[in-house]
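Visitor: below is the structure, and that's it, no one-letter string:
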């Protein structure tokens with residue numbers, strides 16, 4: 001049996017993870033939405049598959065973040081979030097039309 005618990009990471013894994021910031025969190029949600037829209041391949045399967053219901057939910061989460069953080073973001077963070085939401089909404093409308 002191994003002495004490691006399920007919470008421990010293999011040596012070197014923690015050092016390779018990016019620092020979590022608002023921007024990296026938003027980019028992560030953007031990547032998830034693009035995967036759900038079938039724009040990029042799912043990293044776990046290598047396949048492009050659409051799940052428009054999940055894509056809409058992820059876009060709605062980003063929209064909620066925009067609303068709830070309004071006035072508390074840097075200008076760069078706010079601009080990035082606005083741009084990502086615009087792009088995702090355009091793609092979503094195109095995919096559902």
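Guide: Sure thing, it's come through. Predicted model, so just to flag it, every value in this text is computed and none were measured.
Visitor: grab the nearest non-local neighbour of residue 37.
Guide: Closest residue to residue 37 apart from its sequence neighbours, by C-beta to C-beta, 6 or more residues apart in numbering: residue 55 at 4.8 Å. Quick note: C-beta positions are derived from backbone N, CA and C, even for glycine.
Visitor: wait, the one you found touches residue 33, no?
Guide: Yes. Using C-beta atoms under 8 Å, residue 55 makes contact with residue 33 at a distance of 5.4 Å.
Visitor: hang on, the earlier thing: quick one: buried residues of the helix or strand hosting the residue nearest to residue 37?
Guide: Per DSSP states H and E, residue 55 falls inside helix 52-69. Buried residues in helix 52-69, counted by 16 or more other C-beta atoms under 10 Å: 55-56, 58-59, 62, 65-66.
Visitor: off-centre distance for that helix?
Guide: 10 Å (C-alpha atoms, centre = their mean, to the nearest Å).
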